[in-house]
Structures are given as structure tokens and as C-alpha cells.
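J.: turn this into a model:
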Amino acid sequence: MGTRSSNDDPIYTIGVAARLTGLTARQIRYYETVGLVEPERSRGNQRLFSKAHVGRLREIRALRDEMLPLEAIAKLLDTH
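T.: Numbers count the residues shown, from 1 in each chain. Now for the predicted structure:
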């Protein structure tokens, strides 16, 4: 089994991720639905986000603040 960095450890619930990013839980769920972020799931099926996920969500928020459409954001993030 491979090793993960601490940035990849799924430690934040959606509520914490929302507070850390300034997004709403609804926005985060939508970004998951369209494939911009893929949180892990707990045994109870709760979304769990890593520091890397939070960073990606902050990047999405910044790009949305610049009025970029989600399609453009998806293309930008795929090149990272």
C-alpha cells in the first residue's frame, strides 16, 4: 500500500471545509457533483476533505470570484 502525505489525509468534514474556504456546504457538494473535487468518504458515508482538497476549493473560489465559468475552471485545474 502506498504512503500518503499529511496533505492527503482526509480529516475535515464538509462543515469545517466550508469554514476554511468561505464556501457553503451546498457549493462544495455542487463542485463535487460536477467533478471539481472528490472527497473521500467515511464508513458512515460522510464526506471527508484533506488539506489538498481545501486548497483546491480555495482555488476554485478564487477563480469563481474572478467570474470564470466552471468549465474554464475545470480545464485550468486539470492542467495543474
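J.: who's in contact with residue 28?
T.: The neighbourhood of residue 28, defined by Cβ atoms under 8 Å, 6 or more residues apart in numbering, consists of 14, 17, 18, 21, 37, 47, 57. In this view, the C-beta of every residue, glycine as well, is placed from N, C-alpha and C.
J.: and the helix or strand hosting the second one, what does it pack against?
T.: Using DSSP states H and E, residue 17 sits within helix 14-21. Where contact means 3 or more Cβ pairs under 8 Å, 6 or more residues apart in numbering; DSSP states H and E, helix 14-21 is packed against helix 25-33, helix 51-65.
J.: the contacts of residue 28: which two are farthest apart?
T.: 21 and 47 (13.3 Å; Cβ to Cβ).
J.: what's around the closest residue to residue 76 other than its chain neighbours, how many residues?
T.: Distances taken as Cβ to Cβ, 6 or more residues apart in numbering place residue 63 nearest to residue 76, at 6.8 Å, with adjacent residues excluded. Residues lying near residue 63 (other Cβ atoms under 10 Å) number 16.
J.: now swap in residue 66 and tell me
T.: The number of residues near residue 66, taken as other Cβ under 10 Å, comes to 9.
J.: can you list the weak-confidence ranges in the protein?
T.: Residues of the chain that meet the criterion pLDDT under 70 lie in 1-4, 79-80.
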